[in-house]
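*Asks:* prediction below, plus the sequence it came from.
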Amino acid sequence: MDQTIESVLELHEQAFKKLDGIPETITYDNMTTVGKHVGPGEIWINPKFKAFAKKYGFKVIILPPGKKDRHGLVERPFHYIENNCLKGREFLDFEHLRSHGQLWLDNKANVRVHGSLRERPVDRLEKERHFLEKHPDNKFEMYKEINNRLIHRDFCVIVDTNRYSVHPDLVGKKANIRIYKERLEIWVDNKQEAIHVLLEGKYGKAVLVEHDAAYRGTNYQSVLLKKAILRLGEPAESYFTGLKRERGKAAGYHLQRILKMADRYGSDVVSGAISHAMRHGVYNADAIERIISGKNIKKRRINP
């Protein structure tokens, strides 16, 4: 079993279920998945574990280094497990190990007289069961978190080759991603901006209807594309205006092509081509591409 936060939370879930209750307080050594002392009187708690503890209502105590005696009486269970439950045994698979471990707990470990407690663990648990808080009906939803994912020009973030949309106004920002069992959440500036059904397979794209509608709307599209093309310099803003005037609703298509050219050839090259095209009164992506490739462009004919 690894020591990721997901595994630690899952093991807590299993323990609470087995006990049929939750302790009021749980003590821990310094560990990144739970918390640690980071300075005199200063303790950092893993945010995800903090949310987990709040959900189940138990207090987290991180013991100072060298204060392991403040744990319960049973501090070295692994020595007993390794030398009694596991020693000299081989297992077919993990399920075989789990089955053997449960039989060992029920028939030996929990029904023997404990050396420190001077009573059977199973009896001690029944005596102290009234101290346990009731286990809530709904479980804490565990998730994997990925931070600082860029929101691209297509107003999507990329997660495991799949693309998930947000509102077009968020293009260029960084998002934090929470991946649950069947859904994916996108958070920006500590605010939940989108929830998607988790895609299966690779290279898929999930665009919510409201995000697509916002992108296709004149105002949103203009703001989005204008922000992107302004990185090409002052000529780009005038060219953007000309594209809207000459190409109407197709302006966005031409702008997207020009931006891809900037990625391919560099902003300075494309900015120079834009200035050249404006001097000839030509507003389309084909003209920009012809200028960059050194070909002549067809000048716009002005009616008398």
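*Replies:* Happy to help now that I have it.
*Asks:* and the nearest residue to residue 133 once chain neighbours are set aside, how far from residue 36?
*Replies:* In this structure, residue 133 finds its nearest non-sequential neighbour in residue 22, 4.6 Å apart by Cβ to Cβ, 6 or more residues apart in numbering. Using the backbone N, CA and C atoms, a C-beta is placed for each residue, glycine as well. Computed as Cβ to Cβ, to the nearest Å, the residue 22 to residue 36 distance reads 23 Å.
*Asks:* what about the helix or strand containing residue 123, distance to the chain center?
*Replies:* Using DSSP states H and E, residue 123 maps to helix 121-128. Centroid separation between helix 121-128 and its chain, computed with Cα atoms, centre = their mean, to the nearest Å, is 41 Å.
*Asks:* CA atoms only: put that helix into CSV for me.
*Replies:* Listed in CSV are the C-alpha atoms of helix 121-128, where the atom choice follows Å, rounded to 0.1, in the frame of the first residue of the first chain:
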residue,chain,number,x,y,z
PRO,A,121,-8.7,-5.8,22.7
VAL,A,122,-12.2,-6.9,21.7
ASP,A,123,-13.4,-6.3,25.3
ARG,A,124,-11.7,-2.9,25.5
LEU,A,125,-13.3,-1.8,22.3
GLU,A,126,-16.8,-2.6,23.7
LYS,A,127,-16.0,-0.6,26.9
GLU,A,128,-15.0,2.4,24.9
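*Asks:* what comes up buried for it?
*Replies:* residue 121 (16 or more other Cβ atoms under 10 Å).
*Asks:* can you pull the contacts of residue 142?
*Replies:* Residues near residue 142 by Cβ atoms under 8 Å, 6 or more residues apart in numbering: 6, 9-10, 180.
*Asks:* compare those residues and tell me which is most surrounded.
*Replies:* residue 9 (21 neighbours; other Cβ atoms under 10 Å).
*Asks:* the residue lying closest to residue 147 once chain neighbours are set aside: neighbouring residues, count only.
*Replies:* Spatially, and ignoring its direct neighbours in sequence, residue 147 is nearest to residue 176 (4.9 Å; Cβ to Cβ, 6+ apart). Residues within reach of residue 176, counting by other Cβ under 10 Å, total 17.
*Asks:* and the gap between residue 203 and residue 158?
*Replies:* From residue 203 to residue 158 the distance is 10 Å (Cβ to Cβ).
*Asks:* tell me if I'm right that the residue nearest to residue 147 and residue 144 touch.
*Replies:* No: judged on Cβ atoms under 8 Å, residue 176 makes no contact with residue 144 at a distance of 11.4 Å.
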